[in-house]
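Student: sequence-free structure coming up:
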Ligand SMILES: O=C1O[C@H]([C@@H](O)CO)C(O)=C1O
């Protein structure tokens, strides 16, 4: 057809301009169709100084944060990953993408695929079926912390329900100067060596570590001229959509732009009934869109800050510049950076959690009842003198043969066959005290969920092994969005707390915090055949066992690609 059209146009000898117009129209017509977006990425270690301190980081095509993926709802994303890490395995998780029909490309090493070996190439291919703000990051060991992460923006086919002039992305992170290897080895040592608080906070890959405070470091290692704060330049009078995401290793954060309100409009790819904040609390694995008007005094710049909350912070604030054009981007604001919220005040954080509701006109109603309730008690434990985190007293360990392959191909003995329990000893366990017996067991057992049913998860927080201490844990579910039915303080009460569930307009998310000494209730449908991780997004906590795995409808999963195989009992396995 196109060729015929071309011939006839030529035959008519229409001017070139007309032919060009024809192709522009044709091009626009094609834009409405789903597209295939192809990326070729090389992951490798390079020396970088994101906060002035030089260390080895993992870059993608020379960048950390890596390149942004920008697509439209319904597009197919193909990413060819070349692992040039030389001595290290790799896998990349597409955080928030449900992988409907492609559970093998979720990128979770040990769950959905074997690792990508050094020198190997792996091709991920999946559909971005929903608009919104998503992330990608390494999902092998504690590799995410080395800097392999980036953003995915998926534009909708329909107009957005809010207006803005410009769209910008900001990924927040915390940053350690020790390597992921040192950290991982410390966590699995006797005596236990905790990773400690991060050395700095990064705003979209930029932070400032004060080299003069560590005079023993040579200028080759720490050089104040090698880093600069993040700058967001804005044109006065415009409305900006800022996509703010957190991929911290440990820290819960409070984010603010001095003198500016932020209207929250999206969370984890779902439209939110708009609400205004001065400080946005954000936990690792969450994404938000806020709209901000550049309507303040345009003759100066303003501070952008991120601060640690929920831990007794020793990490200095992350500082950036909200730069009103045409002021110089490096001109410091005439003010001191705004003060952070009290680190140990849970109330404003709980209040924000309660404020998030699905936007009118975009409400997906949850089923009113569930078929199964699983309560997950979050505890810190000892197992043979090693420090762990557990749920229901079981600390999770990854098997060598990925679950998806083991289950789909009926490979026996690949993981522990006993499922972890659906609850804990409600009557006797005191969540407000250090456990009298902090011993736990470790297991690679998983939850087998009946396909096409409704499951409730109650995350129950508790005291850690330190007196009067309970931490915030952001839990992330792969392959699904869940409804957030409620949050509460203290011990979840099955008889009364369920009555307070929001069944009218709950937000759907893929990552949610359980607040200190509190509980969070979630509901989801087991409608995505596959094997899916659900875990604390704090890198060291998942490494120490704070996670579970759900299987649903694995018999409905299509033929597995051989590219995900090659490890454990899948070695040399080419399928039936
Ligand atoms: O796993 C952890 O260990 C430390 C602390 O409990 C012991 O040093 C901490 O804050 C964690 O989150």
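Tutor: Looks like it arrived, so ask away. Model, not experiment: these values are computed from the prediction.
Student: tell me the domain boundaries of this structure?
Tutor: The chain breaks down into these domains under automatic domain parsing: 2-33, 35-158, 160-356, 372-570.
Student: Can you add distance to residue 366 and mean neighbour count and give those domains back as TSV?
Tutor: Bear in mind the C-beta positions are built from the backbone N, C-alpha and C, glycine included. Listed next are the domains of the chain as TSV, based on distance: least, CB to CB, whole Å; neighbours: other CB atoms under 10 Å:
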stretch	distance to residue 366	mean neighbour count
domain 2-33	32	10
domain 35-158	17	20
domain 160-356	13	18
domain 372-570	4	19
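Student: Tabulate those domains (CSV), appending mean pLDDT.
Tutor: Formatted as CSV, the domains of the chain follow (pLDDT from 0 to 100):
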stretch, mean pLDDT
domain 2-33, 45
domain 35-158, 98
domain 160-356, 98
domain 372-570, 98
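Student: quick one, which of these is nearest to the ligand?
Tutor: Closest to the ligand of those is domain 160-356 (CB to the nearest ligand atom; 3.8 Å).
Student: The closest one and the ligand, any residue contact?
Tutor: Yes. Interface with the ligand: domain 160-356 contributes residue 194 (CB under 6 Å from any ligand atom).
Student: and that domain, how far from the chain's centre?
Tutor: The chain centre lies 15 Å from the centre of domain 160-356; the measure is CA atoms, centre = their mean, to the nearest Å.
Student: For that domain, give the distance from the opening residue to the closing one.
Tutor: Domain 160-356 has an end-to-end distance of 18 Å (CA to CA, to the nearest Å).
Student: Equivalent analysis for stretch 362-381, please.
Tutor: OK, stretch 362-381 end separation, CA to CA: 42 Å.
Student: so how far is it off the chain centroid?
Tutor: 20 Å.
Student: Quick one: closest of the domains of the chain to residue 364.
Tutor: domain 372-570 (6.1 Å; CB to CB).
Student: Give me the nearest residue to residue 363, chain neighbours excluded.
Tutor: residue 505 (5.0 Å; CB to CB, 6 or more residues apart in numbering).
Student: right, and the one you found touches residue 357 too?
Tutor: Yes. With contact defined as CB atoms under 8 Å, residue 505 counts as touching residue 357 (4.7 Å).
Student: Show me where this protein has its helices.
Tutor: 2-12, 16-31, 180-187, 347-355, 403-408, 539-543 (DSSP state H).
Student: hang on, the earlier thing: shared neighbours, residue 505 and residue 357?
Tutor: residue 273 (CB atoms under 8 Å, 6 or more residues apart in numbering).
Student: Which parts of the stretch 51-200 of the chain are strands?
Tutor: 55-60, 69-72, 76-83, 92-95, 121-127, 132-138, 149-155, 166-175, 200-203 (DSSP state E, counting those that start in this stretch).
Student: and the fourth one, which strands flank it?
Tutor: Looking at strand 92-95 with DSSP bridges, its partner strands are strand 132-138 (antiparallel).
Student: now the partner strand against strand 55-60, angle please.
Tutor: 130 degrees (axes from the mean of the first three to the mean of the last three CA atoms, to 10 degrees).
Student: Next, the angle from strand 132-138 to strand 121-127.
Tutor: Using the same axes, to 10 degrees: strand 132-138 against strand 121-127 is 160 degrees.
Student: Tell me how far strand 132-138 lies from the chain's centre.
Tutor: 6 Å.
Student: And for stretch 544-554?
Tutor: Counting by CA atoms, centre = their mean, stretch 544-554 comes out at 17 Å from the chain centroid.
Student: Ends of it, what's the gap?
Tutor: 27 Å.
Student: For residue 572, give me the pLDDT.
Tutor: Here, the pLDDT recorded for residue 572 equals 74.
Student: Can you name the residues that contact residue 256?
Tutor: 262, 278-280, 304-305, 338.
Student: Restricted to strands, list those residues.
Tutor: Those of the contacts of residue 256 mapping onto strands are 262, 279-280, 304-305, per DSSP state E.
Student: between those residues, which is closest to residue 215?
Tutor: The closest of the ones in strands among the contacts of residue 256, once distances to residue 215 are taken by CB to CB, is residue 305, at 26.6 Å.
Student: The closest one is in contact with residue 255, isn't it?
Tutor: Yes. Residue 305 lies in contact with residue 255 (CB under 8 Å); the separation is 7.2 Å.
Student: Mind checking which residue lies nearest the centre of the protein?
Tutor: residue 285 (2.6 Å; CA atoms, centre = their mean).
Student: you'd agree it is up against residue 478?
Tutor: No. Using CB under 8 Å, residue 285 makes no contact with residue 478, being 10.7 Å away.
Student: where do the contact lists of these two overlap?
Tutor: residue 510.
Student: quick one on the thing from earlier: dump the strands of the stretch 51-200 of the chain into a markdown table; add distance to residue 363 as well.
Tutor: Formatted as a markdown table, those follow (distance: least, CB to CB, whole Å):
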| stretch | distance to residue 363 |
| --- | --- |
| strand 55-60 | 37 |
| strand 69-72 | 24 |
| strand 76-83 | 28 |
| strand 92-95 | 24 |
| strand 121-127 | 24 |
| strand 132-138 | 16 |
| strand 149-155 | 20 |
| strand 166-175 | 25 |
| strand 200-203 | 33 |
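Student: Which among those is found nearest to residue 237?
Tutor: Short answer: strand 166-175, nearest of those by CB to CB, at 11.6 Å.
Student: Pairing partners for the closest one, with directions?
Tutor: strand 200-203 (antiparallel), strand 239-246 (parallel).
Student: now it and strand 149-155, what's the angle there?
Tutor: Using the same axes, to 10 degrees: strand 166-175 against strand 149-155 is 160 degrees.
Student: can you start the count at 27 instead of 1 from here on
Tutor: Let's use 27 as the start, then, which means that last one is strand 192-201.
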